[in-house]
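Trainee: can't give you the sequence, but here's the structure:
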């Protein structure tokens, strides 16, 4: 009997639809459009609620409130950038110029400890050999500034993606009720099978990702403020550069804390020595404790209450499969799959 692909697809309708859906997601990621789509969605998720509430309370057009909110948003972003970017550029240049000297100072301290404690000479020697620019980031000092130029080029690409995502989200918010009505009408079209199979799950998935990312942004913002205050009290500079690193690393659960701590400790060592670095580590531990026992229970609630070990495993697998986006979205996606797909419960329950 010959294989009838039409009959196979008809029988395995659900499997076919979800296969096509994930193939579309893969294509979006493959062609580098995932960041644009994600930023557009996140901004729509963050602003739709306030626009709806303000329009209902004031009895004014939602279009008017959409325009006002986006104007305020762009004004705040441009004000922050006008303050941060000049400092970020100058502080980055100074930090990179001093980085080889910082690593050299740390290696000297390790040599002193190896001489004072001969039994630890072997392990300390291995750490010393690792603390070179070429070992840490795979480049030589001579090519460091070439890498910096490339990095700033990539940052400009990310900035243009952010602005384009802002524009797309604004256009969607202007016509959101009409777009939502047209989407619901798909259940009466020839795409009704796709709508019936995917609509509820996709909406739940979008809500989990949006709420999870919003919660992580709040945690990252509070962590950044507390860390900046700690660096100010300890006299660790450059504050703007290190705070920027802390904020963006804070969007990555658990692992981001360790990534952002390394440059702070390096700068503290180079400022006044290992004793100062110990105070920096104490400050980081205090901030991380506040995050773990105060922020996570109140902001993320039950959604992200999973073992740190499992979180690290999710981050590792997500990074291997999808790079940076896998680390940022790995935890909320895993929460959705476990609670909605496996347990069959509403993954949005208990989320902040």
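Mentor: Sure thing, it's come through. Since the model is a prediction, treat every value here as computed from it, not as a measurement.

Trainee: what about the stretch 101-250 of the chain, any weak spots by pLDDT?
Mentor: Applying pLDDT under 70 to the stretch 101-250 of the chain flags the ranges 101-102, 117, 119-155.

Trainee: Helices of the protein, start to end?
Mentor: 5-11, 13-30, 34-58, 62-116, 121-130, 133-137, 144-174, 176-184, 192-234, 239-250, 255-272, 274-290, 308-322, 324-336 (DSSP state H).

Trainee: need these in JSON lines with mean neighbour count, can you?
Mentor: The C-beta positions use only the backbone N, C-alpha and C, and glycine is treated the same way. Shown next, in JSON lines, are these (neighbours: other C-beta atoms under 10 Å):
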{"stretch": "helix 5-11", "mean neighbour count": "10"}
{"stretch": "helix 13-30", "mean neighbour count": "13"}
{"stretch": "helix 34-58", "mean neighbour count": "16"}
{"stretch": "helix 62-116", "mean neighbour count": "14"}
{"stretch": "helix 121-130", "mean neighbour count": "14"}
{"stretch": "helix 133-137", "mean neighbour count": "13"}
{"stretch": "helix 144-174", "mean neighbour count": "14"}
{"stretch": "helix 176-184", "mean neighbour count": "12"}
{"stretch": "helix 192-234", "mean neighbour count": "18"}
{"stretch": "helix 239-250", "mean neighbour count": "20"}
{"stretch": "helix 255-272", "mean neighbour count": "19"}
{"stretch": "helix 274-290", "mean neighbour count": "16"}
{"stretch": "helix 308-322", "mean neighbour count": "15"}
{"stretch": "helix 324-336", "mean neighbour count": "21"}
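
Trainee: Now render these as TSV, adding distance to residue 343.
Mentor: Formatted as TSV, the helices of the chain follow (distance: least, C-beta to C-beta, whole Å):
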stretch	distance to residue 343
helix 5-11	27
helix 13-30	18
helix 34-58	24
helix 62-116	36
helix 121-130	43
helix 133-137	42
helix 144-174	32
helix 176-184	27
helix 192-234	13
helix 239-250	29
helix 255-272	26
helix 274-290	30
helix 308-322	15
helix 324-336	11
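
Trainee: which stretch among those comes nearest residue 342?
Mentor: Of all these, the one in closest proximity to residue 342, counting by C-beta to C-beta, is helix 324-336 (10.0 Å).

Trainee: Now do that closest one: distance to the chain's middle.
Mentor: Distance of helix 324-336 from its chain centroid, counting by C-alpha atoms, centre = their mean, to the nearest Å, is 9 Å.

Trainee: Return the list of helices and strands in contact with it.
Mentor: helix 34-58, helix 192-234, helix 308-322 (3 or more C-beta pairs under 8 Å, 6 or more residues apart in numbering; DSSP states H and E).

Trainee: Any regions of the stretch 251-352 of the chain where pLDDT drops low?
Mentor: For the stretch 251-352 of the chain, the ranges with pLDDT under 70 are 253-255, 270-275, 296-308, 324, 340-341, 344-352.

Trainee: 90 instead?
Mentor: Along the stretch 251-352 of the chain, the parts satisfying pLDDT under 90 run over 251-285, 287-352.

Trainee: Run through the residues that contact the spatially most central residue of the chain.
Mentor: What sits nearest the mean C-alpha location of the chain, by C-alpha atoms, centre = their mean, is residue 251, with 3.5 Å. By C-beta atoms under 8 Å, 6 or more residues apart in numbering, residue 251 lies in contact with 213, 216, 217, 220, 328.

Trainee: Could you export those as a markdown table, including distance to residue 264?
Mentor: As requested, the contacts of residue 251 are arranged in a markdown table below (distance: C-beta to C-beta, whole Å):
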| residue | distance to residue 264 |
| --- | --- |
| 213 | 25 |
| 216 | 20 |
| 217 | 21 |
| 220 | 15 |
| 328 | 21 |
